[in-house]
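J.: this is the structure alone, sequence omitted:
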């Protein structure tokens, strides 16, 4: 195991895949000369040259379209967005082309493309730069959505994403790029898309959390453990396809579930997991499933309001107390 | 138009009734007011009258079978009428349904009710933020429609373990029964009949007896009382010599025969007036001291026992008590007691003196706080003025619910009772 930053794990994944397959290339704003807005692509230009590490103009729809076209023609592009908040400009390419081309053309071609970049909020950036898009993109057939929480997951899953023959959205966080974690040094380390992971074992409640929210859940777990409440944290890692079996098995053991979701409440990851649990584990539930998510309110700029808006460990503890009837 | 005849609520505590006898057959013409059946409830055998005239089109329940409250017993209408829909409904209502659509409808109605009550708490804007603030109120366990709230897991666990949810107290929000309630449930605390361990041995002479409605009621009420109410017992020995003399004197002039039991009933009623805490009921949040003194008298009958009530016992004369007790005991033996004649007791007396029982302890008859167990009058040597002489003594034992009554209070009541019986003239004060 090696201790790596999140950004290094992502770079290593891209590096290994670019070395393995010359069809793989990276493009996006500042990815080349500047080594990435968040230094994720550091060193890749030196190693693979301008042909495979390409700076683009500030034109998300344009370069996303180039990426989709390249994928249709047999290349394996990685398109980096400075944030998924800017990728809304490219939504037509993602939603209407990357996800539907193979389907609409009767399987005559594939779209092996990865769109990656930071997702959701990262402090006081205002309403338009703070949106979590993972649940929204999970709505669309033909798209896989990955939102890892730790460097190891990021590496193994990004390699899988690059090798996937359909479009994948790979979501990161500005606030997690510096996060350090042990990363497997296994050669060609692959984590299959759609496989969740039990990151903390416990008998009292199942807490589902991924991405940044996993770390919130972990804080809550550490505090609750002092009171003798053992959370089982499941990180699905992939929003879609969702590893619901893993979650259901856990809920059958703990009889209670809280989902921590960085999206707004309506139709998000939490709604989907909650629905599936009531259907698949109805007779095992000892309390209604609860979720901790953003409110149905746009991100505030004010610091106190922002802190109130974003789920925190206290929200998770309150929800766990409710489902374990401890309040 | 055909109408259904449903199991009526014939007593406050009735949950189902057993058809003791049908007075009608299919095809009979009946008038409103005809007695169509006799139904055995947990308390008595009652007559069921028809409300509407018509022809009996279908009898849905055999004699000896139980029907839940509101269950359909028979269908009455015009001869040759199509009653397919009603039959379908009857299958659903009586609980052995094979038709799904009916039960689906019922459950979807329930869902609707549930949804509308849930809606109050649902705030689409703040959902999500506030996931921890659901401080649901803890109160009674069943809602207005009598539905028991239990988590799906608790329901499943109870079903697997053969525990009736109605016997379990819920500790979750709004009395919801949750996992820990089932785990902590002890069958001994059963409010209703729980799972019973079958003995592993059996012989050919064994006889399995169907449990009558009365037996069920006795089992349920007395188990509940004995296991839920902390009983304690105090016994006092009463000198009966003057009571014996008084009884002889009274019976010389009374046209109804006064029994020792009547004297104990009268004396108890008057003692209860002086000790209202004995004449009380535990209501969970409060204790009710009853304004009236209504003494119930346990009457043994073949199938079990009944406790008819003498209302305003303290205001009645010995003659009234004697006559009324006799009448009620007769009705009890004939299973003709009406529910209201068994309701409203504030104290109960059980007398086994006639069987030569010296003393015994009785189980409190809910919702009373106490019960008095009366033994036989015995010839015993007693010490009087330093000499052993023949005496007449009777032991009574008071069982008290310690949640309401403490030892000293019970003792004070017994002392008053003894004074009354030992000095019958005191009852005239």
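T.: Received, thanks. No experiment lies behind these values; they were computed from the predicted model shown. Residues are numbered from 1 along each chain as shown, chains lettered A, B, ... in the order given.
J.: CA atoms for contacts and neighbours, from now on please.
T.: Noted.
J.: got the contact list for the residue in the stretch 301-429 of chain B that chain A sits nearest to?
T.: Taking CA to the nearest CA, chain A has its nearest neighbour within the stretch 301-429 of chain B at residue B:403, 28.4 Å off. Counting by CA atoms under 8 Å, 6 or more residues apart in numbering or on different chains, residue B:403 makes contact with B:229-230, B:282.
J.: same thing with residue A:61?
T.: Counting by CA under 8 Å, 6+ apart, residue A:61 makes contact with A:87, A:89-93.
J.: residue B:403 should be in a strand, yeah?
T.: No: Residue B:403: not assigned to a strand; according to DSSP: H, G, I helix; E, B strand; the rest coil it is coil.
J.: tell me where chain A has helices.
T.: Taking DSSP state H, the helices of chain A run over residues A:6-20, A:44-48, A:60-72, A:91, A:101-104, A:134-138, A:151-163, A:211-226, A:244-254, A:269-280, A:303-309, A:313-323.
J.: could you dump these to CSV with distance to residue B:50?
T.: Output for the helices of chain A, formatted as CSV (distance: least, CA to CA, whole Å):
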stretch, distance to residue B:50
helix A:6-20, 81
helix A:44-48, 93
helix A:60-72, 80
helix A:91, 73
helix A:101-104, 70
helix A:134-138, 63
helix A:151-163, 75
helix A:211-226, 64
helix A:244-254, 52
helix A:269-280, 47
helix A:303-309, 66
helix A:313-323, 51
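J.: most tightly surrounded among these?
T.: helix A:151-163 (a mean of 26; mean count of other CA atoms under 10 Å in any protein chain shown).
J.: I'd like the average pLDDT over that one.
T.: Helix A:151-163 shows a mean pLDDT of 98 in the predicted model.
J.: do stretch B:333-353 as well
T.: What stretch B:333-353 shows for mean pLDDT is 91.
J.: for the residue of the stretch 301-429 of chain B closest to chain A, give its distance to residue B:278.
T.: 11 Å (CA to CA, to the nearest Å).
J.: and if you look at residue B:426?
T.: According to CA to CA, residue B:426 stands 20 Å off from residue B:278.
J.: residue A:2 too?
T.: 78 Å.
J.: thinking again about what came up before, got CSV for the contacts of residue A:61, with distance to residue B:319 and pLDDT too?
T.: Output for the contacts of residue A:61, formatted as CSV (distance: CA to CA, whole Å; pLDDT from 0 to 100):
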residue, distance to residue B:319, pLDDT
A:87, 98, 97
A:89, 99, 97
A:90, 100, 97
A:91, 97, 97
A:92, 99, 97
A:93, 101, 98
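J.: can you turn the buried part of the residues you listed into a ChimeraX selection?
T.: Burial among the contacts of residue A:61 is assessed by 16 or more other CA atoms under 10 Å in any protein chain shown; the matching ChimeraX selection reads:
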select /A:87,90,91,93
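J.: make a markdown table from the contacts of residue A:61 and add distance to chain B to it.
T.: Output for these, formatted as a markdown table (distance: CA to the nearest CA, whole Å):
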| residue | distance to chain B |
| --- | --- |
| A:87 | 26 |
| A:89 | 27 |
| A:90 | 29 |
| A:91 | 26 |
| A:92 | 29 |
| A:93 | 31 |
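J.: can you flag which of the contacts of residue A:61 belong to strands?
T.: Of the contacts of residue A:61, none are assigned to strands by DSSP state E.
J.: would you list the contacts of residue A:61 in TSV and tack on distance to residue A:205?
T.: What follows is the contacts of residue A:61, written out as TSV (distance: CA to CA, whole Å):
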residue	distance to residue A:205
A:87	36
A:89	40
A:90	39
A:91	37
A:92	40
A:93	40
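J.: out of the contacts of residue A:61, who's nearest residue A:74?
T.: Each of these was checked against residue A:74 using CA to CA; the closest is residue A:93, at 17.0 Å.
J.: show me what contacts residue B:383?
T.: Applying CA under 8 Å, 6+ apart, we find residue B:383 in contact with residue B:389.
J.: that one pairs with what?
T.: Note on residue B:383: beta-bridge partners residue B:388, judged by DSSP bridges.
J.: break chain A into its domains for me.
T.: Under the assignment automatic domain parsing, the domains of chain A span A:2-183, A:197-323.
J.: try chain B
T.: Listed by automatic domain parsing, the domain ranges of chain B are B:3-100, B:136-187, B:230-428.
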